[in-house]
Structure formats: C-alpha cells, structure tokens
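# show me the folded form of this:
(4 chains)
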There are 2 protein chains.
Amino acid sequence: MSDEKRSADAPEPVVATRERIARAASRLMQRQGYDGTGIKQISAEAGATLGSVYHFFPGGKLELALEALNRGNREFVDELRAVFDEEEDPAAAMVLLTRRLADGLRASDWMDGCPITTTALGASGRLPQIQAAASEAFVRWHALVFDRLTESGVAEDAARALAHTVISILEGAELTAQVTRSSAPLEAAGRHLARLIDGDREAATGQE
Amino acid sequence: MSDEKRSADAPEPVVATRERIARAASRLMQRQGYDGTGIKQISAEAGATLGSVYHFFPGGKLELALEALNRGNREFVDELRAVFDEEEDPAAAMVLLTRRLADGLRASDWMDGCPITTTALGASGRLPQIQAAASEAFVRWHALVFDRLTESGVAEDAARALAHTVISILEGAELTAQVTRSSAPLEAAGRHLARLIDGDREAATGQE
DNA sequence: TACCAGGTAGAGCGTTCTTTCCAGAGGTGG
DNA sequence: CCACCTCTGGAAAGAACGCTCTACCTGGTA
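So this is what the prediction gives:
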C-alpha cells in the first residue's frame, strides 16, 4: 500500500525496511525455529534497528513468526504451482519438485529446509496461533495437490488420501535429507511418489 | 559403565534421579525443542534440583539434549522392532505402525510427535553434535527397515530406496498429523506404504 | 518558516537463561 | 568417631531475552 513513494530520487534502500525485516525473520526462523531466533538477531540481520522492527511489527515476536509462516506458505505454493505448470503429468512434476528441493537444500549447505516446519514444531504446542498458521499452510498445499490429482484423472477418494501422502513424503524426505545431509531420501521420494500417482491414475481410468 | 551399583539394598528413589532427569529432558525437548526447553524447567519437571542436573550431566544442556536424542532413537527402534515381530509381512507392519503412531499422537493431544525431529531441526544448524546424533538415528532406522525389506524378498537396490521412503513418509506423516491435528495423514501413509512395499516384493519375486 | 507523520536510533527495564559455586545431607569404610 | 564420597540444595554471576520508551531525523505540506 505504500511502496511506490521512493520513485526516483531516494532509491537508497534497495528494498524497503519492512520487507528486509520480514525476510530476515523468515530465513532465521526457518533455520533456527521460533525460540532459537531473537528479535535483536532479526534486526541485525535485516540491517534495521529494534525501533524499526517494533514499528512495523507491533505484535512483537509472535507477529514476526506469523509473517514468516505466511511467507513460507506462499513460497511453497509458488514452487508447487511452478512444477505443475511445467509438467502436465503430476508424477513427473513430483520428480521435478523433489530434485529442486534437493538442489535448494544442498545449495544452502543443508540449512534451509521447509520454511514452515522448524518454526511450527517447536512453538505450536505453546502458541495456538502458530499451530493454526502452520496447519493452514499444510491444508492449503493439500488442496493444491488434490486439485491437480483429480484434474489428471484420479478419483476423489483416492486423490484425497494421495494428496496427504504427497505432502507427508515431501515434508519427511526434506526433513530426513536435511538432517542426514544427503539427497538420497528426496530422490527416492520422487520416484516412489511418481509410482503411487501413476498407480492411482491407472486404477481410475481402468475402472471407468 | 557405572550402572550396577544400586543392586538391592537402596531402592528408595522409585526411579533414580538421573533417570528422572533424562526422562524429563526427553519429553520436554520432544515437545518444545532445544531452545524452547530450559534447564530449570527440566529440573522442575524431574523433581530434581539444578545441582543434581549438573552433577549427572556436567556437559550441561548439550549433554542433556544428546541423551534425549539417544533415548528417542532407542524408543523408535523398539517400536519398529515390535511391529516387525508382530507382523511378518512388512506391509502389514507399516499399517500397524502408522495406526500406533496416530493413537499415540492423539492420546497426547497432538503434543508428542517424533522424539528426534523437534530437537534436531532447530539446533542441528548450530550444534554439529546434535545434527550428528539425529543423523545417526535416521541412519539406524533406515538400516532396520532395509534389513527387514531384503529379508522379505525385496531386491537390495529397491530396498535401499524404499527404506528411505519408509522413513520419510513416517516422519512426514507424523509431522503433518501433529501440526494439522488429524490422523488422516498417518492413515493414508500406512496404506500407501503397504502398496509400495507390496509392489517391490512382487517385482522381485516376479523377476526371479 | 512552522508543522507533522513516518520512520530511525538505541538506552534500558525487568525477566529469564545457563552455568558455576559451595555448603551440607546421608551413607560407608576404616 | 572421623574421613570420605556421592548426591542434594539453592544462591548468585553474567549474559541474553522481549519489549518499552523517548529523542531524533527527514521529506512533504501549508
């Protein structure tokens, strides 16, 4: 709503302060979780001062975390949509996606896993709003996968269950890959996911 | 190395202090992660004093966390072995296991997920010893599943990849179930896991 | 010139954190 | 009866935490 004011004569902050703070919060919480990330650390990483942080996020740490979760949510939605756009076959899309996740993980030296999981796991037991935001993200991803599966011919009941497994296996494989510092889990996940999807598509077309 | 001293005449502490501290650390870190769990909280939960904690765990919080991870590791190894003992068919064993995980999760009001993941995720980036211990656990579980799969007729190459996916899907489904507070991901995981395993067993016996 | 709102700057409050330290309780062997 | 050792109890140090607060800068408007 206020992004177009520094039009030409004051381009100093290449990216606005609020945006820098939100990005730093997202990255830091993705890596260290809610409790492991301090607000001073966020402000330092963002190149902003404490005053700026509380100016833009008066809700404090909780608001920062919710913003980080929303960003992580959108981030993965975009990634999911991208592979579905590039590969019409959902099985092939999953193979592509797992390869991209593996590349991203390795590129960050196994630091950047799922942008939701780390923040959600440690705090969702104590902070219901964080649990709610994380749950919302998973439900959203599930719906996205479910839609794509039914579009490609999987029966609704099968697609609902299969979409759960798609999300579970992606989450689990990324987690396992990150902790063991190996891309093998993600590679296996891609192949097995493709097999499951192809199986349910054949079953649906076969019984029509 | 010094565990057999209280042989018979000093059974006063129904459960020894060191054991109570270790259990409290495990449970708390499983739920809240490394940074979310304080040593004072552990000592209070264990009914021990700070002095006792540092007496038994002079390595401080890190040593407590490593002990918690080792316990979590053994815990899941036992659970895995139990279902493999009860169900000869590995596919059936996975269905049984996912049901048990779902029951345990619901019974704890979605608090007690994987005893490794929460502790590992937030801290493995900063504390290499935690990353190593968590990685060791995952590798151990993979080996256990791999052995059972090859025993039941799956070819080695397929078993290696499939064992990765077994661990990934179990981790991911438990995580997703915990965050969304629904056992649906675990139920779907059990069925799909069984399908994948049966597929690889048929493939192996078919090509012999 | 005067004013004002949006944003920046950081000192400092009260609390909590991990860790260290030492004084004692309780049982055991000489 | 004393020396000894394991374990308990808790005070306190030193640092870090989330958050509040006031002062200041800056660009636009009247």
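# quick one: contacts for A:A92?
Residues in contact with A:A92 (Cβ atoms under 8 Å, 6 or more residues apart in numbering or on different chains) are A:A194. To be clear about C-beta, it is placed using only N, CA and C from the backbone, and glycine gets the same treatment.
# any idea how far chain B is from it?
Distance, A:A92 to chain B, by Cβ to the nearest Cβ, to the nearest Å: 18 Å.
# give me the pLDDT for that residue.
Looking at A:A92, its pLDDT stands at 98.
# give me the element A:A92 is part of.
Element membership of A:A92 [criterion: DSSP states H and E] is helix A:90-107.
# in that helix, what's buried?
Buried residues in helix A:90-107, counted by 16 or more other Cβ atoms under 10 Å in any protein chain shown: A:90-98, A:101-102, A:105.
# out of those residues, which comes closest to A:H55?
When the buried residues of helix A:90-107 are ranked by distance to A:H55 (Cβ to Cβ), A:L105 comes first, at 34.6 Å.
# pretty sure that closest one contacts A:D112?
Yes - using Cβ atoms under 8 Å, A:L105 makes contact with A:D112 at a distance of 6.8 Å.
# tell me how far the residue in chain A positioned nearest to DNA strand D lies from A:L127.
Going by Cβ to the nearest atom of the strand, DNA strand D is nearest to A:G60 of chain A, at 2.7 Å. Counting by Cβ to Cβ, to the nearest Å, the separation of A:G60 from A:L127 is 12 Å.
# so the residue in chain A that chain B sits nearest to is in which element?
For chain A, the residue closest to chain B is A:G172, as judged by Cβ to the nearest Cβ, at 2.5 Å. Element membership for A:G172 (DSSP H and E) is helix A:156-180.
# and the angle for that helix with helix A:90-107?
Here helix A:156-180 runs at an angle of 20 degrees relative to helix A:90-107 (axes from the mean of the first three to the mean of the last three Cα atoms, to 10 degrees).
# now do helix A:156-180, average pLDDT.
Helix A:156-180 comes out with an average pLDDT of 98.
# what packs against whatever helix or strand comes next after it?
Counting by DSSP H and E, the next helix or strand C-terminal to helix A:156-180 is helix A:184-207. Using 3 or more Cβ pairs under 8 Å, 6 or more residues apart in numbering or on different chains; DSSP states H and E, the elements in contact with helix A:184-207 are helix A:90-107, helix A:156-180, helix B:156-180, helix B:184-207.
# the ones you listed: which one's closest to B:A134?
Short answer: helix A:156-180, nearest of the helices and strands packed on helix A:184-207 by Cβ to Cβ, at 4.9 Å.
# just the buried residues of whichever helix in chain A runs longest, please?
Of all segments of type helix in chain A, defined using DSSP state H, the longest is helix A:60-86. Neighbour-count burial for helix A:60-86 flags A:61, A:63-73, A:75-76, A:80, A:83-84 (criterion: 16+ other Cβ under 10 Å).
# neighbours of A:R23, how many?
17 (other Cβ atoms under 10 Å in any protein chain shown).
# just list the residues touching it, thanks.
A:15, A:46, A:71.
# tell me how far it lies from A:A137.
Taking Cβ to Cβ, one finds A:R23 at 18 Å from A:A137.
# measure the one residue sitting closest to the centre of chain A to B:R99 for me?
For chain A, the residue nearest the mean C-alpha position is A:F76 (3.8 Å; Cα atoms, centre = their mean). A:F76 sits 29 Å away from B:R99, taking Cβ to Cβ as the criterion.
# and the helix-or-strand element of chain A with minimal mean pLDDT with helix B:156-180, angle?
Ranked by mean pLDDT, DSSP states H and E, the weakest helix or strand in chain A is helix A:184-207, scoring a mean of 88. Angle of helix A:184-207 versus helix B:156-180, following the same axes, to 10 degrees, is 90 degrees.
# near DNA strand D, which residues of chain A? Just list them.
Counting by Cβ under 7 Å from any atom of the strand, chain A comes close to DNA strand D at A:9-10, A:37-41, A:50-51, A:54, A:58, A:60-62.
# of those residues, which is the nearest to A:R181?
For the residues of chain A next to DNA strand D, the residue nearest A:R181 by Cβ to Cβ is A:T37; the value is 22.0 Å.
# check the secondary structure at that closest one for me.
Secondary structure, DSSP: H, G, I helix; E, B strand; the rest coil: A:T37 is coil.
# need the CA coordinates for the helix holding A:A92. CSV is fine.
The C-alpha trace of helix A:90-107 is given here as CSV (Å, rounded to 0.1, in the frame of the first residue of the first chain):
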residue,chain,number,x,y,z
PRO,A,90,1.7,-34.8,-11.9
ALA,A,91,4.0,-37.8,-11.4
ALA,A,92,6.7,-36.1,-13.5
ALA,A,93,6.0,-32.9,-11.6
MET,A,94,6.8,-34.6,-8.3
VAL,A,95,10.1,-35.9,-9.7
LEU,A,96,11.0,-32.4,-10.8
LEU,A,97,10.0,-30.9,-7.4
THR,A,98,12.0,-33.3,-5.3
ARG,A,99,15.0,-32.6,-7.5
ARG,A,100,14.6,-28.9,-6.9
LEU,A,101,14.1,-29.3,-3.2
ALA,A,102,17.3,-31.4,-3.1
ASP,A,103,19.2,-28.8,-5.1
GLY,A,104,18.0,-26.0,-2.8
LEU,A,105,18.9,-27.9,0.3
ARG,A,106,22.4,-28.7,-0.9
ALA,A,107,22.9,-25.1,-2.2
